[in-house]
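**Q** Sequence and predicted structure, then a few things I'm wondering about:
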Amino acid sequence: MKFKLEIQDQKARAGLITTAHGTIETPIFMPVGTLGTVKGVHQHELVEDTKAQIILGNTYHLFMRPGTDILEQAGGLHRFIGWERPILTDSGGYQVYSLAANRKITEEGVRFKSHIDGSSHFFSPENVMEIQRTIGADIIMAFDECTPYPCPKDYALNSMHLTHRWLDRCINALDKLPFKYGYEQHFFPIVQGSVYPDLRAKSAEYIASVGAVGNAIGGLSVGEPAEDMYAMTDVVCQILPQDKPRYLMGVGTPINLLENIALGIDMFDCVMPTRNARNGMLFTSEGTINIKNKKWEDDFSPIDDQGLSYVDTQYSKAYLRHLFVCNEFLGKQIATLHNLAFYLWLVKEARAHIIAGDFYDWKEQMVHQMNKRR
């Protein structure tokens with residue numbers, strides 16, 4: 001993997017990440033395809049309509065279904081789902097965190113029960129690396145513990161050190177595991193430390209010392225105030241190397257994206273655009289709307305005047321509201337395509353303004369717009 005930092009506007013960065021499956025322009029948002037699908041969206045729509053350059057798969061869910069045997073027989077996740085562009089897989093650490101009532105964390109790893117049938121399984125740094133090798137994503141993540149919020153400092157400290165020890169084991173395991181499908185995979189470690197600046201700094205220093213091709217920041221967007229998220233991101237970005245991509249995991253709202261780009265983040269993922277779309281919440285260039293509200297019943301204007309994808313020019317707000325009122329699944333599909341197109345448009349515009357040198361003025365205008373509820 002190659003990362004070229006093209007230009008900076010203060011802390012905001014525009015770059016290029018090159019992988020075996022293509023080049024990614026940063027800053028970038030990665031649609032979440034948990035089970036090998038971005039819910040309700042065809043792969044050709046992701047390419048043609050939302051302009052997605054990379055998608056995310058989930059190690060925990062793909063391990064549970066369809067399983068690594070099927071994925072290996074298929075020749076990896078790219079071939080299984082018919083996606084020719086880059087893929088990133090998370091390590092399953094966040095999903096294990098979300099199974100708090102059904103898991104036990106030890107030094108060796110995590111014993112947990114399946115959310116599907118209650119069967120017992122075990123994740124360790126070693127077998128999670130093997131699972132990700134078999135899935136075959138271009139970028140794979142270290143196995144970590146995601147701390148909850150709020151989190152006592154002593155717990156955050158012990159968890160951070162556990163994540164660092166697991167990181168060492170991940171690296172040792174990868175050194176012994178060959179690539180499976182004829183192309184190289186690239187490994188990102190994860191900074192932890194909850195909302196404690198000193199812990200975040202220590203973790204960032206440890207992660208930077210590993211010398212990986214890219215680095216991630218985890219354990220944020222788990223309920224902490226946005227101001228804490230930004231403060232922790234700022235601390236970490238001042239320590240992580242300038243010449244490697246920075247990935248803020250599980251973030252977030254359009255405003256979160258803009259504020260974190262302003263701090264030096266290059267990569268994002270979040271289920272928010274797709275999940276909120278299925279509930280009728282649309283992110284637009286003029287603010288957020290609930291398409292189910294009666295005020296849109298006779299509004300025949302486009303979903304977004306920017307014309308972000310074909311759905312924005314093909315369908316009106318009134319029609320989309322009608323589909324939601326009638327519980328037609330097409331409504332959820334249209335809303336999902338729109339929200340993804342909006343997120344991808346937003347980061348593309350951010351990149352253009354970074355290159356132009358006026359990102360921060362543009363960001364303030366967009367944050368003002370995004371705060372509106374229409």
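**A** Looks like it came in fine.
**Q** Have a look at the protein and report its longest helix.
**A** Among the elements of the chain assigned as helix by DSSP state H, the one spanning the most residues is helix 329-356.
**Q** so residue 130 makes contact with residue 176?
**A** No: shown here, residue 130 and residue 176 do not form a contact pair, counting by CB atoms under 8 Å, at 9.6 Å. Quick note: C-beta positions are derived from backbone N, CA and C, even for glycine.
**Q** mind giving me the domain ranges of the protein?
**A** When the chain is parsed with automatic domain parsing, its domains come out as 2-270, 277-370.
**Q** so can I have CSV of the ones you listed showing mean neighbour count and mean pLDDT?
**A** As requested, these are arranged in CSV below (neighbours: other CB atoms under 10 Å; pLDDT from 0 to 100):
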stretch, mean neighbour count, mean pLDDT
domain 2-270, 19, 96
domain 277-370, 18, 96
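**Q** Would you map the helices across the stretch 51-200 of the chain?
**A** 59-64, 68-74, 77-81, 93-98, 125-135, 153-176, 197-210 (DSSP state H, counting those that start in this stretch).
**Q** quick one, which of those helices is nearest to residue 312?
**A** The closest approach between residue 312 and any of the helices of the stretch 51-200 of the chain, judged by CB to CB, belongs to helix 77-81 at 25.9 Å.
**Q** then that closest one to CSV, C-alphas only?
**A** As requested, C-alpha coordinates have been extracted for helix 77-81 and formatted as CSV (Å, rounded to 0.1, in the frame of the first residue of the first chain):
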residue,chain,number,x,y,z
LEU,A,77,-14.8,-11.5,-0.2
HIS,A,78,-14.2,-9.5,-3.3
ARG,A,79,-15.2,-12.4,-5.6
PHE,A,80,-17.9,-13.6,-3.3
ILE,A,81,-19.8,-10.3,-3.5
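**Q** contacts for stretch 220-239?
**A** Contacts of stretch 220-239 with the rest of the structure, by CB atoms under 8 Å, 6 or more residues apart in numbering, involve 11, 146-150, 191, 193, 195, 197, 200-201, 203-205, 208, 217, 246, 248-252, 255-256, 259-260, 263-265, 270.
**Q** same check, this time on stretch 33-50
**A** Contacts of stretch 33-50 from elsewhere in the structure, counted by CB under 8 Å, 6+ apart, are 31-32, 52, 55-58, 61-62, 65-66, 77, 80-83, 85, 271, 274, 278, 309-311, 329, 332-333, 336-337, 340-341, 344.
**Q** how far out from the middle of the chain is it?
**A** In terms of CA atoms, centre = their mean, to the nearest Å, the gap separating the centre of stretch 33-50 from the centre of its chain is 14 Å.
**Q** what about it, start to end distance?
**A** Terminal residues of stretch 33-50 are spaced 14 Å apart (CA to CA, to the nearest Å).
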